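> fold the following.
(2 chains)
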Amino acid sequence: MEIELEINDVEQTVDASKSDSLLDVLRRNGYTGAKRGCDTGACGFCTVHVDGEPVKSCVEPVTKDQDTSIETIEGLGTQSDLHPVQQAFVDNTALQCGFCIPGMIMRSTALLETNPNPTEQEVREALSDNLCRCTGYKKIVEAVLDAAERMDSDTAVAADGGTAVDNDGGAAAVTECSRTDCGCMEGDQ
Amino acid sequence: MSNDEETAKADGGTASRSETAEDERSEEHPLEWDEPENNDKAPDERDSVSHRTEKYDDRKLVTGQAKYTADYEERYPDLAYAAVVRSDIPHGRVTDINTSAAEAMDGVDAVLTPESDAVPDAKYTSAGQSYPEPSPWDMHVLNEHVRYIGDPIAAVAAEDRATATAAVESIEVSYEKYDYVTDPEDAFDEDAPQLFEDGEVENEIVGHDYDRNRMAHIGGELGDVDAALDGDTHVHETEWETIRQSHANVEKHTSLAYTNEDDRHVLITSTQVPNHTRRQLAHLFDIPIRDIRVQKPRVGGGFGGKQAMVIEPIPLALSLATDRPVLYEASREEEFYAMRSRHPMKVKAKTAVTEDGDIKAIDIYALSNTGAYGSHGMTVAGNVGSKPMPLYSKVPNARFEADIVHTNTPQTGAMRGYGAPQGTLALEGHLDEVARDLGLDPIEFRRRHHMEVGDLDEIAGMMGGEGANRRIRSCGLDECIERGKDAIGYDDLEQPDEDHLHRGIGMALSAQGTGVAGDELGAAQIMMNEDGSFHLQVGGVDIGTGADTAFLQIAAEVLGCDEGEIIVKSSDTDVTPFDYGAYASSTTYISGMAVKKAAEDAKERILNWGSKLLGEPVGDLETGDGTVYSEASDDSVTLEDIGYEAAYGDDEREHILGKGTHCTEESPPPFAAQFADVTVDETTGEFEVQKLVVAVDCGVAINPGMAEGQIEGANHMSYEMAVSDGITLDDEGRAEVADFDEYGLPSATETPPIESILVETHEPTGPFGAKSVAEVPTNTVPPALSNAVRDAVGVRIREMPITAEKIRSKLDEREI
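Numbering: from 1, shown residues only, chains lettered A, B, ... in the order given. Model prediction:
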């Protein structure tokens, strides 16, 4: 079957079978930032936004997503132009292995959309469905609080006539060697 | 050295402090270390080291661009997917495997059973350790004799995941069932069902007695413990028990195997040990080492669970059978029942202490449940003694013994801390109990005996193995204790207003090692480009720890260039120099020192070219800010000018290359002082941990932000060991945990505030003064929390996890 949806502001028609989850479809189409951790909605590594809401894409039947708008980590910022939440994670050394981080960041951006000035407890509660094995969450929580402050001041600057942070993202930019079997792992290490 | 010798060392025997004169020992293990001048830099002299440099891979990680093994899927259009049939009985022999339905299924490419040609017959161990391997060869890739619920029996490759899973479900296995045993004490009984026949295991380990399911027995003694226990002392004995903890790696075990156009075999795999895996695959499949390439992409956590060749043989065998690339991604359920876990142990601690509080002897015994197979069994058990006991280097008599036994339960293996958490719980809980019994302050009691600079640590060496007879050249324990006390508010603890609530503080100390003494090797190479930038190739394995960044900072510090000028390539056995891998807290210390040596080698060539271009002697030149400059004339030349001249000069040309290789007999201990602040409700036993504080001496932190991250993450894992059930098993040894929902990994709201404190010392044997950080804070929360509960309400929980029910039950006993 074919599903029409928008991924990171690009309208797409994707092939899917009835049993496919949204995660299956995203990963098959190059959006591999969302990670497969459990397939049961228990870890949060696959969190993306569906019509602005954070969703665990591994338990979201893609058939539900006809005509929806999906935002993935690939749509947030680029390596040279990070979204403030991404930048705050980097600046606070908030990640180690990084596998949970795309989901963690999507969860955090959803939180800050609805609650731009969360308390530490509110951040912890918002992130409680997203597990992390490396960090003990401390620096992640600090990064989200830091991001809230940054975005707050960015908004102030923008309202003041300054330049707001550019959050536009395109489709999944998979920057790798195009040869199937060259084994160079370019862009990986 | 033969493996017998290797393992015999661990059996040791006895040693005596009086056998060798102190001056002879000083000669062998001098306090003074011949440290290069450039290794000891004051904080304000450090340009890159000790800075909170942005983690090298962070930008691609936060944008979702980084690639883990499963993300290579899209590169292989003809990729097949693997799934595995696993034993659903605890012990028995497979009598028939009916694969006809699976083979008839559309989209199934191969079905392998133990009989298949592509499946190796050879025995092996999955443990990714040095060679000869100190773990028994007791495993097969696919098994006829199954020894736990989860043992692999057959494997399938199919067009897609769903077909592979359906094929596996269609395979019918018939068994002859054997008696089984799941409790380690029962397994040690002579009448217990036996997992291995005598002579069945290759590469047997010292002390094995398969009639009693014992894969190894180890021990060692310093002085005369029995005499001290019989002397005029207080003898205390306590017993402790630890959980079967899951690594719960966020990225599951995942491997992709294929044969390339050169007819060589490539594994892209989520591993901590690329070089060991290459060697093990070569042995197993009888393929020359040179024809195997192991590439480590980004790895989503290891914690020891990937210090093993856990799954790689299966996709490789399927790839050989199908002539297609094959991806095997374990399921989350398999992670909990069929991969690896921390060895659950019962540990007894005994001490002889004088009325005045002088410890005359420490005696520790561990019974370790290694599960169905023996990977890492002996070495993990050895660390139960050899890591925590040396902390009390002033104790004259010490003994450690361990029995490591098989049960029909899931496999265990290496896990962060590597035996030290089990030993630390027993020793630090025990000493707290002794101090309270004798009316001594638990901290002062420890202070009288703990290690300090100048000590010759003979306890780690008493079994003759890892860490033998170390001289201690850096130790920040006192400062760790002081700063930890301040941060937790040790001296001004306020009790809650409510009468039924009681607040207490517990503390525990810990030491680890930094690499396996005398059994490590790391290597690195640096190539200079003509624009003055560099490629750093290093075997060291970044599994999410930030090792690549630490390597970068060490190299930049030596080369005097901006960190952005260095491209790091690590862990690809075809192109990066050799390395033992990411384990034993070795990476920064061993591989990092190799990087430092490689950078110094390159720097020597750079200064030579600088001398030529500036017309000044090398002795006057130094590197910094991307230049070679003269301290005599203030002249300088950029690294770019040197790069172009070296590559394209008229008279003479040279590719500036530096190489470094590092091994050492040293393994300096890092130290931790842990504090836990708990409030217990005496009516219910419920408790709340207000705060965890852990102060760590890791020498010079190469990147303080990353070091804090390691400490916080380790303490979170340690907290889990104190309060979570781990992987519980039913009567047949079946894991009762199949998903994160059922496993007690503390979430953001369930994790108490953790404060990490870095206490800087200078370790002269480490790169720029560094020693290890990542393991030592894993050891300390269970004893600190047990001690805190004891402090709060006077009851002692020795069997992990600490629960409200257990506290309540002990309080009830006390009231009666």
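> check contacts around whatever residue of the stretch 101-250 of chain B ends up closest to chain A.
Nearest to chain A in the stretch 101-250 of chain B, going by C-beta to the nearest C-beta, is B:Val250, at a distance of 4.3 Å. Where you see a C-beta, it was placed from the backbone N, CA and C, and this is true even at glycine. B:Val250 makes contact with A:35, A:37, A:43, A:45, A:97, A:99-100, A:131-134, B:300-301 under the criterion C-beta atoms under 8 Å, 6 or more residues apart in numbering or on different chains.
> for B:Val693, same thing?
B:Gly484, B:Ala487, B:Ile488, B:Gln674, B:Phe675, B:Ala676, B:Asp677, B:Ile754, B:Glu755, B:Ile757.
> from those, pick the one nearest chain A.
Lowest distance from chain A to these (C-beta to the nearest C-beta) belongs to B:Ile754, with 5.2 Å.
> mind checking pLDDT for that closest one?
Note on B:Ile754: pLDDT of 98.
> surely it is in contact with A:Gly136?
Yes - with contact defined as C-beta atoms under 8 Å, B:Ile754 counts as touching A:Gly136 (5.2 Å).
> who touches both of the two?
Common neighbours of B:Ile754 and A:Gly136 (C-beta under 8 Å, 6+ apart) are B:Glu712, B:Asn715, B:His716.
> near chain A, which of these show up?
B:Glu712, B:Asn715, B:His716 (C-beta under 8 Å from any C-beta of the partner chain).
> PyMOL command to pick out the buried ones of these?
What follows is the PyMOL syntax for the buried subset of these, where burial is set by 16 or more other C-beta atoms under 10 Å in any protein chain shown:
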select buried, chain B and resi 712+715+716
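> from the ones next to chain A among the shared contacts of B:Ile754 and A:Gly136, which land in helices?
Applying DSSP state H to these, the entries found in helices are B:Glu712, B:Asn715, B:His716.
> show me the beta-bridge partners of B:Lys350.
Beta-bridge pairing of B:Lys350 under DSSP bridges involves B:Glu237, B:Asp363.
> residues in contact with residue 125?
Since you didn't name a chain, this refers to chain A. By C-beta under 8 Å, 6+ apart, the neighbours of A:Glu125 are B:Ala748, B:Thr749.
> I was thinking of chain B, sorry if that wasn't clear
Going by C-beta under 8 Å, 6+ apart, B:Thr125 touches B:Glu133, B:Ser135, B:Pro136, B:Trp137, B:Asp138, B:Met139, B:Asn203, B:Tyr373, B:Gly374, B:Ser375.
> out of the residues you listed, who's nearest B:Leu745?
B:Ser375 (23.4 Å; C-beta to C-beta).
> could you find the closest non-adjacent residue to the residue in chain A positioned nearest to chain B?
For chain A, the residue closest to chain B is A:Gly33, as judged by C-beta to the nearest C-beta, at 2.1 Å. Closest residue to A:Gly33 apart from its sequence neighbours, by C-beta to C-beta, 6 or more residues apart in numbering or on different chains: B:Gly64 at 2.1 Å.
> can you report how many residues lie near the one you found?
A count of nearby residues for B:Gly64, using other C-beta atoms under 10 Å in any protein chain shown, gives 28.
> re the thing from before, considering only the contacts of B:Val693, which also neighbour chain A?
B:Ile754.
> could you list which of the contacts of B:Val693 belong to helices?
Short answer: the contacts of B:Val693 in helices (DSSP H) are B:Gly484, B:Ala487, B:Ile488.
> just so I have it, where are all the strands in chain A?
Ranges of strands in chain A, per DSSP state E, are A:2-7, A:10-15, A:47-50, A:53-56, A:69-71.
> strand partners (parallel or antiparallel) of the fourth one?
Put plainly, it is strand A:53-56. Here, using DSSP bridges, strand A:53-56 pairs with strand A:47-50 (antiparallel).
> dump the contacts of B:Thr125 to a markdown table, plus distance to A:Arg150.
Formatted as a markdown table, those follow (distance: C-beta to C-beta, whole Å):
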| residue | distance to A:Arg150 |
| --- | --- |
| B:Glu133 | 51 |
| B:Ser135 | 50 |
| B:Pro136 | 55 |
| B:Trp137 | 55 |
| B:Asp138 | 55 |
| B:Met139 | 52 |
| B:Asn203 | 57 |
| B:Tyr373 | 51 |
| B:Gly374 | 52 |
| B:Ser375 | 47 |
